[in-house]
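Novice: when you get a sec, could you give me coordinates for this:
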Amino acid sequence: MDRIPVELGTIQETLLITLAGRARESVKRKPILVDPKAGDIMAALDNPPKKLTRGAGPDPSVLRTAIVDTWVREFLATHPDGTVVEIGTGLNARFDRVDNGHVHWLDLDLPDTIALRRHFFTDTERRRMLVASVLDDSWYDTVSAQPGPYCFVAEGVLVYLPEADVRRALDNLAARFPHATVILDYYSPGMLRFQNRAADKGAMDARWAWTGGEPESFAAQGLRVTDARSITDPPPALRSTLPRSYRLSLPVLHRVLPKGFGLAKFHTDRAR
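Specialist: Residues are numbered from 1 along each chain as shown. As a prediction, this is how the structure comes out:
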């Protein structure tokens, strides 16, 4: 079978970093998550850039993904027939990891990413792909046509985009979908400097535009924090299942990433 070329924009190609991380994690003897498709996708891609796919040791982005999976499962435990919208879905197979047999799911990303994604995923009755940007509202009607409540997930996406545009988009999202759950990641200014120094040295081409902001700062956009934690402090439901090696590495990661790498879960309280 012919390999599939990777033809992505600078920001979009960062999906390869997390894809490769999930693929490496999935084949470990005691993984913190198993991505059912990551390894097969990596094997099918035609020469993905090695600078984006190499890695060794515990991968913080995998732990981040596991935390988001945990929160989405908690949402589905309370709202089993609700709808999850994966903003900037990349080549993530989160649906396959958390599907409860009832959830409705929308995978949203830019045209080049969705074109690549369609080589590996297909639309079904409960799961669809959408070509759109988080920065516009062209997809809101499609979401509204799905059963609520709604959970919106944006993992590893917003830091690459202009802050003013993102805050405007979140304000519109909260107004259109009151009483929804929103899950975002955020970082410290030190993490932004670290990432952009890596870009300057050629480790990647995409640069961060901002840190994502402290969770409480999103109150102005109608987002009320319901949980916020560093990736070194995973939710109890996840911590209890982590392999011993990961539990032991958490204090080390905490020293390396003090308050610099976090996730927040919100409830939208604004309506108009």
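
Novice: OK, contacts around Leu110?
Specialist: Contact analysis of Leu110 by CB atoms under 8 Å, 6 or more residues apart in numbering lists 9, 12, 131-133. For every residue, glycine as well, the C-beta is placed using N, CA and C.

Novice: which intervals of this protein have sub-threshold pLDDT?
Specialist: Filtered on pLDDT under 70, the chain yields the residue ranges 1, 55-58, 257-259, 270-272.

Novice: so which elements touch the longest helix seen in it?
Specialist: Secondary structure of the chain per DSSP state H: the longest helix is helix 60-78. Applying 3 or more CB pairs under 8 Å, 6 or more residues apart in numbering; DSSP states H and E, we find helix 60-78 packed against helix 15-26, strand 83-87, helix 94-98, strand 150-154, strand 181-187, helix 236-239, helix 244-256, strand 261-268.

Novice: distance from it to the middle of the chain?
Specialist: Counting by CA atoms, centre = their mean, to the nearest Å, helix 60-78 is centred 10 Å from the centre of its parent chain.

Novice: ok, residues contacting it?
Specialist: Applying CB under 8 Å, 6+ apart, the contact partners of helix 60-78 are 17-18, 21-22, 25, 32-33, 82, 84, 92, 94, 97-98, 100, 103, 151, 153, 155-156, 181, 183, 185, 227, 229, 231, 234-235, 237-238, 246, 253, 257, 261, 263, 265.

Novice: go on, stretch 95-108?
Specialist: With contacts defined as CB under 8 Å, 6+ apart, stretch 95-108 is touched by 33-37, 69, 72-73, 76, 80-89, 92, 114, 117, 121, 126-132, 134, 139, 142-143, 146-147.

Novice: can I get it in PDB, CA atoms only?
Specialist: What follows is stretch 95-108, C-alpha atoms only, in PDB (Å, rounded to 0.1, in the frame of the first residue of the first chain):
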ATOM      1  CA  PHE A  95     -13.700   8.900  20.400                       C
ATOM      2  CA  ASP A  96     -12.400   5.300  20.200                       C
ATOM      3  CA  ARG A  97     -11.000   5.500  23.700                       C
ATOM      4  CA  VAL A  98     -14.000   6.900  25.500                       C
ATOM      5  CA  ASP A  99     -17.000   5.800  23.400                       C
ATOM      6  CA  ASN A 100     -19.900   4.700  25.600                       C
ATOM      7  CA  GLY A 101     -22.100   3.500  22.700                       C
ATOM      8  CA  HIS A 102     -24.400   6.500  22.900                       C
ATOM      9  CA  VAL A 103     -22.300   9.700  22.700                       C
ATOM     10  CA  HIS A 104     -22.600  12.000  19.600                       C
ATOM     11  CA  TRP A 105     -19.200  13.300  18.400                       C
ATOM     12  CA  LEU A 106     -17.900  16.000  16.100                       C
ATOM     13  CA  ASP A 107     -14.200  16.100  15.100                       C
ATOM     14  CA  LEU A 108     -13.400  19.700  14.000                       C
END
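
Novice: list the buried residues in it.
Specialist: 95, 97-98, 103-108 (16 or more other CB atoms under 10 Å).

Novice: from the centroid of this structure, which residue is nearest?
Specialist: Glu155 (2.3 Å; CA atoms, centre = their mean).
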